[in-house]
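S.K.: build me a structure from this.
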Amino acid sequence: MTSPKSTPWNIPNLLTMLRIALIPVFVSIFYLPSGMIPYHWVNVTATLLFALAAATDWLDGYLARKWQQTSAFGAFLDPVADKLMVAAALIVLVDLSRTGVFVTLIIIGREITISALREWMAGLGERGNVAVATIGKVKTAVQMIAILFLLYFDPIGIKGIGMMDTKFVGQILILIATFLTLVSMVYYIKAAWPSLKGK
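M.R.: As a prediction, the model looks like this:
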């Protein structure tokens, strides 16, 4: 009998699968026939879907640890779901001219590089050398906030009192996230370098 710990059909893994299933829904929101949904509500809906996906990312990890339902399948699927969602959002933002191509190439390229590095290090039994570090967590947090602002894209606040230009803030934050992306990539490669140099 399959234990709850090893089965792929536990709640944390189902949440991860939900995150992947949300990707085509999230992307298609921006490409519905013109006028089907008011443009502001297109932004709002896409932002809420991305926020929901980000929330399930935290929740599935929390539940897997709390209920001891970690699995090899979940360990594989969770980072894949994260990277697919972020890549989809960035590609849409490039298509909408809300962020730059080079920013997107750097962020996606870094994710591919570090994923490959971790896989290679795992084959050497040294995956712990490139475990997620604080710089990686900060990069992810800034990146997620930047994407949320760029998806929403409309001013936030109360007219006459104060408004936040989410376009400007989002574009500044995505540049900061890009810088942190490069810094974190250097950090992980430096951590793995003794193994890379020795093989």
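
S.K.: tell me the contacts of the nearest residue to residue 164 once chain neighbours are set aside?
M.R.: For residue 164, ignoring the flanking residues on the chain, the nearest one in space by CB to CB, 6 or more residues apart in numbering is residue 156 at 4.6 Å. C-beta: built from backbone N, CA, C; applies to glycine. Residue 156 sits next to 163-164, 166 when contact means CB atoms under 8 Å, 6 or more residues apart in numbering.

S.K.: reformat these as TSV; add distance to residue 122 and pLDDT.
M.R.: Output for the contacts of residue 156, formatted as TSV (distance: CB to CB, whole Å; pLDDT from 0 to 100):
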residue	distance to residue 122	pLDDT
163	48	82
164	42	88
166	39	93
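
S.K.: domains of this protein?
M.R.: Domain assignment for the chain, taken from automatic domain parsing, gives 1-96, 101-191.

S.K.: could you pull out the helices for the protein?
M.R.: Using DSSP state H, the helices of the chain run over 11-29, 39-66, 72-95, 101-123, 134-152, 166-198.

S.K.: mind checking which of the contacts of residue 156 are buried?
M.R.: Neighbour-count burial (16 or more other CB atoms under 10 Å) is assigned, among the contacts of residue 156, to residue 166.

S.K.: of the contacts of residue 156, which is the nearest to residue 118?
M.R.: Nearest to residue 118 among those is residue 166, at 33.2 Å by CB to CB.

S.K.: give the closest residue to the closest one in space, chain neighbours not counted.
M.R.: Residue 166 sits nearest to residue 149 (CB to CB, 6+ apart), 4.3 Å away.

S.K.: relative to residue 20, how far out is that neighbour?
M.R.: 24 Å (CB to CB, to the nearest Å).

S.K.: who has more neighbours, these two?
M.R.: residue 149 (24 against 15; other CB atoms under 10 Å).

S.K.: list the contacts for the residue nearest to residue 166?
M.R.: Residues near residue 149 by CB under 8 Å, 6+ apart: 166-167, 169-170, 173.
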